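Undergrad: sharing a sequence plus its predicted fold:
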Amino acid sequence: MKARKGNAGTIMIVMIMGFLMTVTTAYMKMVQTENLVRGMIDHSDRALDAAFSGVQYAMSVAQTKSDMFINDTNAIKQRIYFIDSLLTPDWDCTASSPLSYPNKLQSDWFFYDGNFELMKIHNDINKPYVFRVTSYASHTASLLVPSEYIIKSQGRFIEYSDDNSSVINEYKAQVIALVQIDFTRKVLKLKAWRQMQFQDDANFFNIDHF
């Protein structure tokens, strides 16, 4: 009888230890999953930050041209626009191709060439943040709107291996921003923005209505 009680006690201890090991394993897996998801959300937010950097960059460059602050439809063509000179963007609001605009700038991928210590990224060899922009005149139906300017921006956050030899993951974000032109104060103001689907090269440089 005592032997049976001893065996029952041993079995109970083994069952409890097995239960505790299962709970511990499940908890560790849950923590690992949460850390992975948190990292993915953080990196996706960094891609969105890069896209916003593109919007700010395009606004800064655009307001350096005095024609930006002339409230007249004839001055719209003289403003600075970011396009791809290798493509023919579909600008259905204009009477001529944007390639003929005198102050067009070719868009390409830009990156921050600096130190990333404050961003908790120890990678100054490969630049993890990049963005590119395109911009065009705002319009309603076929009428140009002199007081508005539209910017589309794509941001990417690239995660590299520890030895910087390969790309582990790439996170992308794209936004479209409606910019208000203040002709009196001669400044550009971000009026509204929204996220949109990440587009390929051809579609990115075409017009999307806000």
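TA: Structure received.

Undergrad: distance check, residue 104 against residue 201.
TA: Remark: distance between residue 104 and residue 201 (CB to CB, to the nearest Å) = 17 Å. In this view, the C-beta of every residue, glycine as well, is placed from N, C-alpha and C.

Undergrad: and those two? which has more neighbours close in?
TA: Taking neighbours as other CB atoms under 10 Å, residue 104 and residue 201 compare with residue 104 leading, 18 against 10.

Undergrad: contact partners for the more buried one?
TA: With contact taken as CB atoms under 8 Å, 6 or more residues apart in numbering, residue 104 is in contact with 80, 81, 82, 83, 85, 98.

Undergrad: what's the burial count for the fourth one?
TA: Okay, so that is residue 83. 22.

Undergrad: that one and residue 205 touch, don't they?
TA: Yes: Residue 83 is within contact range of residue 205, at 6.0 Å (criterion: CB atoms under 8 Å).

Undergrad: and for these two, which residues touch both?
TA: By CB under 8 Å, 6+ apart, residue 83 and residue 205 have these common neighbours: 89, 107, 134.

Undergrad: what helix or strand does the nearest residue to the second one once chain neighbours are set aside sit in?
TA: Counting by CB to CB, 6 or more residues apart in numbering, residue 82 is the residue found nearest to residue 107 once chain neighbours are left out, at 4.3 Å. In this assignment (DSSP states H and E), residue 82 forms part of strand 81-83.

Undergrad: neighbouring strands - and their directions - for the next helix or strand after that strand?
TA: Where DSSP H and E defines the elements, the next helix or strand beyond strand 81-83 is strand 104-106. Taking DSSP bridges as the criterion, strand 104-106 pairs within the sheet with strand 81-83 (parallel).
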